[in-house]
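**Student:** sequence and predicted structure below; questions after.
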Amino acid sequence: MEISIISTSLTELQTECLVVGVSEDDSVVGSSAELDTLISDLIDSGDFKPKAGSQITLRNPEGLGAKRLVLVGVGKADSFDALAQNDAFVGLGKTLKGLPISEATIDVASLSRGDQGTQERLGYGLVWAAYEYTTTKPKPADSDSKVLERLQLVGEDSDKEHVTTGMTIGHGANLTRELGNLPGNTCTPRYLADQAVHLADRYSKLSCEVFDEDTLEEIGMHCLLSVSRGSEEPARFIILNYQGAKDPNAKPKVLVGKGVTFDTGGISLKPGAGMDEMKFDMCGAATVMGCMQSICEMDLEANVIGVIAAVENMPSGRATKPGDVVKTLAGKTVEILNTDAEGRLVLCDALTYVERFNPEAVVDIATLTGACLVALGKHNTGLLSTDDALADELFAIGKASGDPCWRLPIEAPYQKLLDSNFADIANIGGRDAGTITAACFLSRFTENYRWAHLDIAGTAWFSGGKAKGASGRPVPLLVNWLRA
């Protein structure tokens, strides 16, 4: 999308669509008496209430040069927080997408009150709303349809910079959504590896290395390979290395993504209802890909490594069985009591491997437990960490970015639930505290660096109906953490 900055009277502005924000605190648009009169009349008549996210679209508004006017309510300054902004700006994006226009003009100041984060979320919302899945369901041919191609911003150069940054994060989230939405027979471990290679080919500061199963066997990632053993699709281990820091030896931040491209549960077979949504079990891996694209587009001055452990979990005569004991890369043995608790088996070897990068901090991202959905619903991502400072940092950034997470404990009594009579550790701890015991399992492989775990089982996708599809979370949270 082409973006430009203009400085002109909103009254005289010639545009297919003018977008203006209206506050509950002050509905006056100081630069235009005509707009102020129009908005005041709409509010007085009750046709428009400027609460956060409300909208009204007017055709050929009287006294203005614009063909259309979209008013967006931004509520009160003290309540128009990041969550409300995300909702409002995604709603605006959907409105613009539905109009027969190729160009629009946005009055940035009235929507953002000059706040950088709000401007970034404006860009993010517009791009997020513009996404449409067409890979296996092409759009019907329509010669009359128009696509928004040009966006004019009434503001300053800094406004354009911030909106563009938000759009860059939005494009990363949309890559995450696209990969998540692809069917499991397309998005296999090998497909993810190919996409990672293609991504690295686009950016000079990004490199990619892919390990096949023979290499993983030589390295000793037997726990990861135990998950892929039942599938005809071979596992892949992907390393994306971004070198953006001025000091090439600066410690990297590391993202580790669970990439189970389809999860049947293995021998511990899942119920059939809703199993189609297990194509989303690779959204942790997709998040890593989206984040890496965003930081490349930003030309971020930092070193970042993205690791993806990609497998398919299937039942077969070769599949791992409940009661089997496997050896991890760390040398610990695991009794596999349930083959549907496979994500932690994949991640533990990946988390052991990344220790060699001498990381500043490691965050893993995984659709790990249905228990997290029960505990936190679809609003907050689960956050668990053995490092209080890192946990506090992620929590604060999540709140500020409108991509929230909520911390759950990791304490010694929960660790005892993973005791096994036949191995160093069991891969499940029973019904109670499932999200916590899963993180306790992972913590046993992260003792030598700062680590946090994000359980995105409740937030990575929407279920059912027209909204069904990947959400792109937690790309905003993690990109902003990488920028911090």
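**Tutor:** Happy to help now that I have it. Residues are numbered from 1 along each chain as shown.
**Student:** rest of the way, CA atoms for contacts and neighbours
**Tutor:** Will do.
**Student:** what's the first helix or strand after the helix or strand of the chain with the lowest mean pLDDT?
**Tutor:** In the chain, no helix or strand scores lower on mean pLDDT, DSSP states H and E than helix 33-45, which sits at a mean of 91. Using DSSP states H and E, the helix or strand that follows helix 33-45 towards the C-terminus is strand 55-59.
**Student:** and the closest residue to residue 313 other than its chain neighbours, its phi and psi?
**Tutor:** Leaving aside its sequence neighbours, residue 313 sits nearest to residue 263 (CA to CA, 6 or more residues apart in numbering; 4.9 Å). With angles defined as degrees, to the nearest 10, residue 263 sits at phi -120, psi 100.
**Student:** quick check: which ranges of this structure have low pLDDT?
**Tutor:** 27-31, 142-144 (pLDDT under 70).
**Student:** hmm, what's the outermost residue in it?
**Tutor:** residue 63 (42.4 Å; CA atoms, centre = their mean).
**Student:** can you confirm that residue is in a strand?
**Tutor:** No - assigned with DSSP: H, G, I helix; E, B strand; the rest coil, residue 63 falls outside any strand and is coil.
**Student:** residue contacts, it?
**Tutor:** Neighbour list for residue 63: 11, 34-35 [criterion: CA atoms under 8 Å, 6 or more residues apart in numbering].
**Student:** cutoff 7 Å now
**Tutor:** Contacts for residue 63 (CA atoms under 7 Å, 6 or more residues apart in numbering) come out as 11, 34.
**Student:** off-centre distance for stretch 339-353?
**Tutor:** Averaging C-alpha positions (CA atoms, centre = their mean, to the nearest Å) puts stretch 339-353 21 Å from its chain's average.
**Student:** who touches it?
**Tutor:** Under CA under 7 Å, 6+ apart, the answer for stretch 339-353 is 221, 223-224, 227, 258, 265-268, 309, 321-322, 328-330, 368, 427-428, 438, 442, 445-446.
**Student:** now that stretch - C-alpha only, CSV.
**Tutor:** The C-alpha trace of stretch 339-353 is given here as CSV (Å, rounded to 0.1, in the frame of the first residue of the first chain):
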residue,chain,number,x,y,z
THR,A,339,1.3,-39.1,23.2
ASP,A,340,-1.1,-36.1,22.9
ALA,A,341,1.2,-34.2,25.2
GLU,A,342,3.7,-34.0,22.3
GLY,A,343,4.4,-30.3,22.2
ARG,A,344,6.6,-30.4,25.2
LEU,A,345,8.5,-33.4,23.7
VAL,A,346,9.3,-31.3,20.7
LEU,A,347,10.2,-28.2,22.6
CYS,A,348,12.4,-29.7,25.2
ASP,A,349,15.0,-30.7,22.6
ALA,A,350,14.7,-27.3,20.9
LEU,A,351,15.2,-25.5,24.2
THR,A,352,18.2,-27.6,25.0
TYR,A,353,19.7,-26.8,21.5
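**Student:** for the residue nearest to residue 313, give its distance to residue 450.
**Tutor:** Separation of residue 263 from residue 450 (CA to CA, to the nearest Å) stands at 29 Å.
**Student:** between the two, which one's more packed in?
**Tutor:** Comparing residue 263 with residue 450 by other CA atoms under 10 Å, the one with more neighbours is residue 263, at 27 against 19.
**Student:** against residue 319, how distant is that one?
**Tutor:** The gap separating residue 263 from residue 319 is 13 Å, by CA to CA.
**Student:** can you check residue 350 too?
**Tutor:** Taking CA to CA, one finds residue 350 at 21 Å from residue 319.
**Student:** please apply the same query to residue 483.
**Tutor:** The spacing between residue 483 and residue 319, counted by CA to CA, is 41 Å.
**Student:** could you do residue 134 as well?
**Tutor:** As judged by CA to CA, residue 134 and residue 319 stand 34 Å apart.
**Student:** in stretch 463-482, what's buried?
**Tutor:** By 16 or more other CA atoms under 10 Å, the buried positions in stretch 463-482 come out as 469-482.
**Student:** domains of this protein?
**Tutor:** Domain assignment for the chain, taken from automatic domain parsing, gives 2-156, 170-483.
**Student:** what's the end-to-end length of the shortest one?
**Tutor:** Going back to what we said before, that points to domain 2-156. Domain 2-156 stretches 16 Å from its first residue to its last (CA to CA).
**Student:** chain center to it: distance?
**Tutor:** Centre-to-centre, domain 2-156 and its host chain are 24 Å apart (CA atoms, centre = their mean).
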